[in-house]
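J.: here is my input; please provide its structure:
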Amino acid sequence: MGGRADAVAGRLRALSDSALAATGVEDVVDAFLAAARELLAVDQVHLIEVSQDAAIGHARVVAYEAGGLREDAYVMVLDERPSGTTHVVSTGRALHVPDAATSNALRQDYSQRFGVRSALFVPLSWGGDVRWVTVLVRTHDATFTDDQIELAQVMANLAAAGLALLEARDHQASGRDAGAALARAAAALHASTDLNEVLRLLSREAYVAVEGDMAGFYLGDPVTGGVATAGHNTPEGWIGYRMRPGEGVGGQVLQSGHAAISSAYQTEVELPEIAGLQALRTAVAVPVRWGGEVRGALSIGFRSMRRVTPQDVRVLEAIADLAAVACREAHRRTPAAD
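T.: Below you'll find the predicted structure:
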């Protein structure tokens, strides 16, 4: 008995040490996977990152098979259909499914795809939200005991602590970068009299401020949509593309006049026709307005799932305001264009 207890304590200590010393999400994930396999006798571990609006989950699957590991991935929509993940996200509590074949808590196509006989869904939560869900799967006839369920929740809490610490460090560093980016953005107004060049510089600073994968300005109106005018790290064919009203988050902003965020970009918005934009997972856009009207949008895209914070939105709105100043001055110099 003492040997088992020592082994559990040692593995939990290793998970805790790895989580607190992690330099990236993968470090925490790998430590959790190792602990789950050793302590809970599972055949598969699914780690599902939940989107900001709890509408979608991106899952990494590790199956332990003879001869090594098999890795897989899937995207799941969190809707009204039976789903252990949806249950955990909505309640914040673990869910034990001792017999997947007879349970109405899981979709049968899910159980069949992964050969699930029993499963334990456990939340990784911080800041009042379920941020990840782990699904511990057994493909053999063995349900989880109360002690194993408690142990799984302790492990999930340790992993959540590591992920929360990483996020806090990233936010702290991002805050410093955002301040510097705003200062450079303000200076960009005096760097050129060419509007496209100023907007290109502002796009670059917006990209840096929120650590995006691409950034750009659409200029237009709620009726005709916006034209891709200037950007940073944008895909081929983007310049000159007309974003229809309501298309993408940029088109949504042109219609509503308010910031728009999508953490499930592939399912929540009408996707643009540009292939590089269709690869995005998260996007945020804020309006550019002057003369009391919405005249454009600043849009930022991320190829991975990303939590967009209120601070991110405020920084982007400040850069959009600088763009509005540049646009207004350009229109004053060319009255016929108004």
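J.: so, low pLDDT: which residues of this structure?
T.: For the chain, applying pLDDT under 70 flags the ranges 1-2, 66-67, 174-175, 264-273, 335-338.
J.: where do the helices sit along the chain?
T.: With DSSP state H, the ranges of helices along the chain come out as 2-21, 25-40, 84-91, 108-114, 146-188, 195-209, 248-256, 265-268, 275-278, 310-333.
J.: how much space separates the residue nearest the centre of the chain from Trp132?
T.: Taking Cα atoms, centre = their mean, the centroid of the chain lies closest to Met305, which sits 2.2 Å from it. The spacing between Met305 and Trp132, counted by Cβ to Cβ, to the nearest Å, is 11 Å. The way it works is simple: take the backbone N, C-alpha and C, and place the C-beta from them, glycine included.
J.: quick check: closest non-adjacent residue to Val28.
T.: Spatial nearest neighbour of Val28, excluding adjacent residues (Cβ to Cβ, 6 or more residues apart in numbering): Gly162 at 4.3 Å.
J.: for that neighbour, what are its contacts?
T.: 18-20, 22, 27-28, 31 (Cβ atoms under 8 Å, 6 or more residues apart in numbering).
J.: again, 7 Å this time
T.: Shown in contact with Gly162 (Cβ atoms under 7 Å, 6 or more residues apart in numbering): 19-20, 22, 28.
J.: by neighbours, which of those residues wins?
T.: Highest neighbour count within those: Val28, with 28 neighbours (other Cβ atoms under 10 Å).
J.: one step back: and the furthest pair within the contacts of Gly162?
T.: Spatial extent of those (Cβ to Cβ) is set by the pair Leu20 and Val28 at 9.4 Å.
J.: how far off centre is stretch 115-135?
T.: Here stretch 115-135 is found 17 Å from its chain centre; the criterion is Cα atoms, centre = their mean, to the nearest Å.
J.: now do the same end-to-end measure for that stretch.
T.: Terminal residues of stretch 115-135 are spaced 13 Å apart (Cα to Cα, to the nearest Å).
J.: ditto for stretch 305-314
T.: End-to-end for stretch 305-314, by Cα to Cα: 20 Å.
J.: residues in contact with it?
T.: Against stretch 305-314 from outside (Cβ under 7 Å, 6+ apart): 49, 51-52, 58, 175, 210, 259, 261, 263, 281-282, 284, 286.
J.: narrow those to those in strands?
T.: Among these, the residues falling in strands (DSSP state E) are 49, 58, 261, 282, 284, 286.
J.: can you redo those residues as a markdown table with distance to Arg11?
T.: Putting the ones in strands among the contacts of stretch 305-314 into a markdown table (distance: Cβ to Cβ, whole Å) gives the following:
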| residue | distance to Arg11 |
| --- | --- |
| Glu49 | 24 |
| His58 | 27 |
| Ile261 | 38 |
| Thr282 | 34 |
| Val284 | 39 |
| Val286 | 46 |
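J.: buried ones among the residues you listed?
T.: 49, 58, 261, 282, 284, 286 (16 or more other Cβ atoms under 10 Å).
J.: quick one: contacts for the fifth one?
T.: Applying Cβ under 7 Å, 6+ apart to Val284 gives the contacts 249, 259, 261, 300, 308, 312-313, 316.
J.: can you do 8 Å?
T.: 210, 249, 259-262, 299-300, 308, 312-313, 316.
J.: out of the residues you listed, who has the most neighbours?
T.: Ser299 (33 neighbours).
J.: who does that one form a beta bridge with?
T.: Under DSSP bridges, the beta-bridge partners of Ser299 are Gly216, Ala285.
J.: that one and Ile274, how far apart?
T.: 12 Å.
J.: do the same with Leu120
T.: Taken as Cβ to Cβ, the span from Leu120 to Ile274 is 42 Å.
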